[in-house]
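Asker: Dropping a prediction and its sequence here:
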Amino acid sequence: MRLAGLLEGVDAVRIAGDPQVEVSGICHDSRSLNPGDLFVAWRGQRYDAHAFVPAALAAGAAAVMVEQADALPGVLAPGHAAVLVRDTRAAVGPVSAALYGYPTAHLRLVGITGTNGKTTTAFLTRAVLQELGPVGLVGTVVSVVGAESRRARLTTPEAPDLQRLFQDMVGSGDLACVMEVSSQSLARHRVDGSAFDVGVFTNLTPDHLGPGEHPSFHHYRESKARLFSLLGQTPPGAARKDVPRGAALNWDDPNAARMAEAVPRGVPVLRFGLGADADVVATDVELDPTGARFAIRHPGGVTRCQLALSGRFNVYNALGAFSVGMLYGVEAERAAEALGRVRGVPGRLEQVPGPQPFTVLIDYAHTPDGLENVLQAAREFTRGRVVAVFGCGGDRDRTKRPLMGEIGVRLADLVWLTSDNPRTEPPQAILAEVEAGAARVSGGHYHVCVDRRQAIGEALAEARPGDVVVIAGKGHEDYQIFADRTIHFDDREEAAMALARLGYR
């Protein structure tokens with residue numbers, strides 16, 4: 001497609017060179033550039049891609065897009081172009097959507113946002129919408145295109161990668177896509193150019209605050225709310241879809257009202273929760289290690305649901321998915337049956353199998369609210385003690401460290417505080433901040449062990465029959481990030497090997 005056509009609707013400050021140059025792809029990493037690509041430069045946390053503009057042109061880029069005037073090439077070879085825009089991140093979404101033929105105009109698109117529960121809600125929602133046909137998935141754990149699973153790098157990919165993924169879904173025959181939408185992707189315009197029909201709000205607690213992330217909780221919340229302002233909006237140049245639209249909001253969360261305010265007029269809102277003032281309500285909730293059973297009261301009546309995922313928070317996740325089904329017209333009984341067919345989500349209360357006389361669970365909980373939810377869930381169905389292993393990531397919001405230490409020691413009977421992706425920070429310094437919160441709990445029992453492998457082994461060796469051991473923080477991740485290296489590390493593998501060493505084979 002010609003560059004000039006891609007720039008329709010984009011506020012370009014200056015275009016140098018040939019605006020009619022043909023562009024065959026879009027690239028934001030000069031190391032993966034193909035000849036004919038449009039290379040887009042922005043300032044990242046570690047690198048400023050404007051420095052790579054000359055290398056991109058030398059490698060065969062047909063054109064470059066920059067937001068710094070001094071990055072415009074002084075001389076351009078014939079048949080090449082350079083574009084100066086005010087914000088490359090804001091421009092690249094619509095440009096990518098145009099290049100890939102506005103793929104979300106041909107997909108029912110559901111966006112799920114919130115602090116916790118996005119991944120599980122996405123898996124459950126996909127199961128419900130599969131009652132209507134093939135459904136793609138974009139998320140933290142995996143992306144699914146047709147029948148193909150692809151490893152995920154970011155919860156929400158950068159705009160060029162996302163739009164190409166959507167195009168692949170359309171080409172594979174998917175009729176819908178369910179995607180997790182992170183606050184960073186909304187703040188950095190990764191989803192611009194995407195036509196969202198339905199948005200889901202799970203919950204909101206402080207997270208992703210600090211350098212390189214959100215400067216305040218208000219900014220974090222407003223970034224989340226932006227998803228709901230996009231519902232039903234047609235990107236410039238795209239065909240309008242004739243599909244249902246709506247928002248499904250966890251009405252038990254105090255921030256849901258702000259999300260509702262962002263929803264455009266005329267877009268229906270379904271409120272879900274355990275409170276009586278919601279539209280979709282779970283009642284008669286029963287929980288045990290095998291799952292949850294409850295009734296769903298909704299505008300069409302009452303439907304029983306048997307979920308193979310335990311924990312009260314998973315009841316909320318199921319209600320969000322059920323509400324999406326209602327908005328799209330999935331019959332209530334079929335939606336409930338689809339929810340029951342989801343047997344598990346990688347790294348979310350994932351059980352480590354084996355003959356041991358206690359339960360071992362792996363979970364991604366890495367926020368105060370997430371850790372509290374998973375430990376309360378374990379407390380609800382354990383016959384013995386709750387044993388916990390967790391830490392806090394480096395180069396991330398430091399305010400949550402003492403909070404998580406206090407929550408862990410308050411809700412678990414025995415705790416191992418350990419490393420969790422320390423990144424550039426000294427692990428001992430991170431643990432000192434976590435321990436400061438743990439020490440506030442009178443009568444609490446905890447150990448500090450920097451080595452995560454050792455901590456997991458010690459916790460499992462201490463477990464008794466009937467206990468529940470929760471290893472939290474990394475979930476599906478299979479790596480550990482240090483200042484000078486990234487190593488393979490999978491809590492599921494480590495737990496299985498530790499159990500084998502203890503004789504549970």
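Answerer: Sure thing, it's come through.
Asker: what's the burial count for residue 8?
Answerer: Neighbour count for residue 8, taken as other CB atoms under 10 Å: 11. Backbone N, C-alpha and C define where each C-beta goes, glycine included.
Asker: Need the phi and psi values for it.
Answerer: Per-residue torsions, residue 8: phi -60, psi 130 (degrees, to the nearest 10).
Asker: how about the strands in the stretch 351-500 of the chain?
Answerer: Applying DSSP state E, counting those that start in this stretch to the stretch 351-500 of the chain gives strands spanning 359-363, 386-390, 414-417, 446-448, 468-472, 479-481, 486-488.
Asker: what about residue 19, which SS state?
Answerer: With DSSP: H, G, I helix; E, B strand; the rest coil as the basis, residue 19 sits in coil.
Asker: still on that earlier bit, redo the strands of the stretch 351-500 of the chain as JSON lines? Include distance to residue 51 and mean pLDDT.
Answerer: What follows is the strands of the stretch 351-500 of the chain, written out as JSON lines (distance: least, CB to CB, whole Å; pLDDT from 0 to 100):
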{"stretch": "strand 359-363", "distance to residue 51": "40", "mean pLDDT": "95"}
{"stretch": "strand 386-390", "distance to residue 51": "39", "mean pLDDT": "98"}
{"stretch": "strand 414-417", "distance to residue 51": "40", "mean pLDDT": "98"}
{"stretch": "strand 446-448", "distance to residue 51": "42", "mean pLDDT": "98"}
{"stretch": "strand 468-472", "distance to residue 51": "39", "mean pLDDT": "97"}
{"stretch": "strand 479-481", "distance to residue 51": "24", "mean pLDDT": "95"}
{"stretch": "strand 486-488", "distance to residue 51": "24", "mean pLDDT": "96"}
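Asker: can you tell which of those strands is closest to residue 281?
Answerer: strand 359-363 (26.1 Å; CB to CB).
Asker: rewinding a little: for the strands of the stretch 351-500 of the chain, please prepare a markdown table with the additional fields distance to residue 195 and mean neighbour count.
Answerer: Below are the strands of the stretch 351-500 of the chain laid out as a markdown table (distance: least, CB to CB, whole Å; neighbours: other CB atoms under 10 Å):
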| stretch | distance to residue 195 | mean neighbour count |
| --- | --- | --- |
| strand 359-363 | 34 | 24 |
| strand 386-390 | 39 | 27 |
| strand 414-417 | 45 | 26 |
| strand 446-448 | 49 | 17 |
| strand 468-472 | 36 | 27 |
| strand 479-481 | 34 | 16 |
| strand 486-488 | 36 | 9 |
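Asker: name the element residue 223 belongs to?
Answerer: Per DSSP states H and E: residue 223 is located in helix 217-229.
Asker: hmm, back to that, with respect to residue 247, which of the strands of the stretch 351-500 of the chain lies nearest?
Answerer: Nearest to residue 247, of all those, is strand 359-363, at 27.7 Å by CB to CB.
Asker: Run through who's touching that closest one.
Answerer: 289, 347-352, 354, 370, 374, 378, 382, 460, 463, 467-472, 474-475, 491-492, 495, 499 (CB atoms under 8 Å, 6 or more residues apart in numbering).
Asker: Quick one, which of those residues are buried?
Answerer: When those are checked for burial by 16 or more other CB atoms under 10 Å, the buried set is 289, 347-350, 352, 370, 374, 378, 382, 460, 463, 467-472, 474-475, 491-492, 495, 499.
Asker: can I see the domain layout of the protein?
Answerer: Listed by automatic domain parsing, the domain ranges of the chain are 3-98, 102-340, 350-501.
Asker: measure the second one end to end?
Answerer: I take that to be domain 102-340. Distance across domain 102-340, first residue to last, is 34 Å (CA to CA, to the nearest Å).
Asker: Can you list the low-confidence ranges for the stretch 151-300 of the chain?
Answerer: Scanning the stretch 151-300 of the chain for pLDDT under 70 picks out the ranges 206-212, 214.
Asker: Can you show me the helices along it?
Answerer: Secondary structure of the stretch 151-300 of the chain (DSSP state H, counting those that start in this stretch): helices at 159-172, 183-187, 217-229, 256-262.
Asker: in the last one, what counts as buried?
Answerer: Of the residues in helix 256-262, those buried by neighbour count under the rule 16+ other CB under 10 Å are 256, 258-260, 262.
Asker: repeat for the longest one
Answerer: For helix 159-172, burial by neighbour count (16+ other CB under 10 Å) applies to 159-170.
Asker: Closest one to residue 79 out of those residues, please.
Answerer: For the buried residues of helix 159-172, the nearest to residue 79 is residue 160 (21.9 Å; CB to CB).
Asker: what is the nearest residue to that closest one once chain neighbours are set aside paired to in the beta sheet?
Answerer: Using CB to CB, 6 or more residues apart in numbering and skipping the chain neighbours, the partner closest in space to residue 160 is residue 26 (4.0 Å). Counting by DSSP bridges, residue 26 forms beta bridges with residue 38.
Asker: if I pick residue 26, what's in contact with it?
Answerer: 37-38, 40, 92, 95-96, 99, 160 are the contacts of residue 26 under CB under 8 Å, 6+ apart.
Asker: Tabulate those (CSV), appending distance to residue 441.
Answerer: Below are the contacts of residue 26 laid out as CSV (distance: CB to CB, whole Å):
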residue, distance to residue 441
37, 55
38, 55
40, 49
92, 48
95, 52
96, 49
99, 55
160, 48
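Asker: For stretch 292-306, buried residues please.
Answerer: Buried residues in stretch 292-306, counted by 16+ other CB under 10 Å: 292-294, 296-298, 303, 305.
Asker: do the same with stretch 240-256
Answerer: Quick answer for stretch 240-256 (16+ other CB under 10 Å): 241, 244-253, 255-256.
Asker: Endpoints of that stretch, how far apart?
Answerer: First residue to last in stretch 240-256 (CA to CA) measures 28 Å.
Asker: The closest residue to residue 108 other than its chain neighbours: neighbour count?
Answerer: Closest residue in space to residue 108, ignoring its immediate chain neighbours: residue 176 at 3.8 Å, by CB to CB, 6+ apart. The number of residues packed near residue 176 is 23, by other CB under 10 Å.
Asker: Isn't residue 176 up against residue 135?
Answerer: Yes - with contact defined as CB atoms under 8 Å, residue 176 reaches residue 135; the gap is 4.6 Å.
Asker: what sits in contact with each of those two?
Answerer: residue 129.
Asker: I'd assumed residue 411 was in contact with residue 446.
Answerer: No - taking contacts as CB under 8 Å, residue 446 lies outside contact range of residue 411: 11.9 Å.
Asker: Ramachandran coordinates for residue 340?
Answerer: Here is the backbone geometry of residue 340 (degrees, to the nearest 10): phi -70, psi -20.
Asker: gap between it and residue 294?
Answerer: Distance, residue 340 to residue 294, using CB to CB, to the nearest Å: 11 Å.
Asker: again, but for residue 24
Answerer: The spacing between residue 24 and residue 294, counted by CB to CB, is 52 Å.
Asker: quick one, strands of the stretch 51-200 of the chain?
Answerer: 63-66, 81-85, 108-113, 135-138, 142-145, 148-151, 176-180, 198-201.
Asker: and those, which is most packed in?
Answerer: By mean neighbour count, with neighbours taken as mean count of other CB atoms under 10 Å, strand 198-201 ranks first of the strands of the stretch 51-200 of the chain at a mean of 30.
Asker: How about the contacts made by the residue in the chain sticking out farthest from the centre?
Answerer: What lies farthest from the middle of the chain is residue 78; by CA atoms, centre = their mean that is 43.0 Å. Residues near residue 78 by CB under 8 Å, 6+ apart: residue 18.
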